[in-house]
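Enquirer: Sequence and predicted structure below; questions after.
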Amino acid sequence: MTDESIIIALINNCLNYLIDNSINDPVDILRYLQKNIVTGRELEMSSIETPTDGDTNFISVDRHELIETAFDEVGALTDLRPTLEVQFYGENAVDSGGPRKEFFRLILREIKEKYFEPIRPFAKMEDYETIGKILALSMLQNGKIPQFLDFSLVNELFESSSPSLVVLNLRKGLDSLARTLQGTHYLQKENIILRIVICVRSLLIGSSLPQFRHLFNTKQPVMTLKGAITMLKPKFSEPGSNKRSLETRVYSVFTKYLREVSSGRRENISLHSILMFATGADEEPILGFAVGPEICFSESETYNSFLPTSNTCIHRLTLPIPSAEKDLPTNEILFHLYDLAFANTYYGLS
């Protein structure tokens, strides 16, 4: 059995399941296809004890030359199904989900600016093929949805029988994740197929796809103070304990800081910056976080160690609390330390 025939059988089974179970919502479809298409290591850690074994597609990229290095690395991948594992040059984070989300956020931003504002019809067409691969990977592996695609481009990408060279090469990249053929017998099912859509063009069935297309054209929501406080749930110690009172004291300061950020009074820091620091993503993925972001607390002994830290793979933000040796700094000092932490865009810097 060839690799292509294995993929065709897999996609066929997925389609039959979606039809038989009347799964129509695009998000539910994407979740089911992710579960059945992505292989190897788990995409997300459910806890610090989650095993990190399993096959991955390892890539090493330069944060300062991201387009060039990412295109070389992703373009060289032959099987896109295994979980992507990302290493940034010179940074010491082990990717169990956080660096991958960071990579997708950064590369989609650069792709948008360089290739779609405006579209560059005279660029190397193989670049657009690699872009198609990256868009498919981002959608299936808990990255960002490519919401920068123009509505007319989305229609051309999904429907046109005579696409431009740009769209033709985007299709090639999207097709590479699920190597199946347009028009085979299992694509001729009843009309419910028209609702089975995903950003892998070989799985885009029919010409009326309004629900799923909405995902491509919805602007990123602006995070609110209430949304940030609700999403970043504090993990307190037992009520009545001394540690709990210290944690509450620090958390109260942190919510004041969030209010400052929300009001635009902390230069170059946004609520999205804080979520990025904690999770690697600047918004909640379309399929949600496997583990909800949380705030934990640890004792501090020096002013410098009042800097927040994070584990983006389990979406944990850690805020230092006072110890017997060191009291809590003033709000002004704490806010400055928070600014330093949340402005940091690198892994492994103090």
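Expert: Here it is on my side, so go on.
Enquirer: how far away is the spatially most central residue of the chain from residue 296?
Expert: Nearest to the geometric centre of the chain sits residue 143, at 2.6 Å (CA atoms, centre = their mean). The gap separating residue 143 from residue 296 is 25 Å, by CB to CB, to the nearest Å. Just so you know, the C-beta spots here come from the backbone N, C-alpha and C atoms, and that holds for glycine as well.
Enquirer: tell me the domain ranges of this structure?
Expert: As given by automatic domain parsing, the domain ranges for the chain are 3-217, 225-342.
Enquirer: May I see the buried residues of stretch 14-22?
Expert: 14-15, 18-19 (16 or more other CB atoms under 10 Å).
Enquirer: Tell me the first helix or strand C-terminal of the helix or strand bottoming out on mean pLDDT in the chain.
Expert: Ranking every helix and strand in the chain by mean pLDDT, DSSP states H and E puts helix 210-217 at the bottom, with a mean of 58. The element immediately downstream of helix 210-217 (helix or strand, assigned by DSSP states H and E) is helix 225-231.
Enquirer: And for residue 238, nearest residue in space, chain neighbours not counted?
Expert: residue 244 (6.2 Å; CB to CB, 6 or more residues apart in numbering).
Enquirer: So what touches the host helix or strand of the one you found?
Expert: In the assignment (DSSP H and E), residue 244 maps to helix 242-262. The contact list for helix 242-262, computed with CB atoms under 8 Å, 6 or more residues apart in numbering, reads 224-225, 228-229, 234, 236-238, 266, 269-271, 273-274, 295, 297, 319-322, 328, 331, 334-335, 338.
Enquirer: and that helix, which residues are buried?
Expert: By 16+ other CB under 10 Å, the buried positions in helix 242-262 come out as 246-248, 250-251, 253-254, 257-258, 260-262.
Enquirer: Reformat those residues as TSV; add distance to residue 24.
Expert: Formatted as TSV, the buried residues of helix 242-262 follow (distance: CB to CB, whole Å):
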residue	distance to residue 24
246	50
247	44
248	45
250	46
251	42
253	46
254	41
257	43
258	38
260	44
261	39
262	37
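Enquirer: ok, of those residues, which one's closest to residue 110?
Expert: Nearest to residue 110 out of the buried residues of helix 242-262 is residue 261 (CB to CB; 25.3 Å).
Enquirer: For residue 13, see how far away the closest one is.
Expert: To residue 13, residue 261 is 47 Å away according to CB to CB.
Enquirer: Low-confidence regions, the stretch 201-350 of the chain specifically.
Expert: 201-220, 301-304, 347-350 (pLDDT under 70).
Enquirer: redo that, cut-off 90
Expert: Regions of the stretch 201-350 of the chain meeting the criterion pLDDT under 90 cover residues 201-222, 283-291, 299-305, 312-314, 323-327, 344-350.
Enquirer: May I ask which helix or strand encompasses the residue lying closest to residue 127 once chain neighbours are set aside?
Expert: The shortest distance from residue 127 to any non-neighbouring residue, by CB to CB, 6+ apart, is to residue 71 (6.5 Å). Per DSSP H and E: residue 71 is located in helix 66-75.
Enquirer: quick one: average pLDDT of that helix?
Expert: For helix 66-75, the mean pLDDT works out to 96.
Enquirer: Now tell me what touches that helix from outside.
Expert: Contacts of helix 66-75 with the rest of the structure, by CB under 8 Å, 6+ apart, involve 59-62, 89, 103, 106-107, 110-111, 114, 126-127, 129-130, 133-134, 137.
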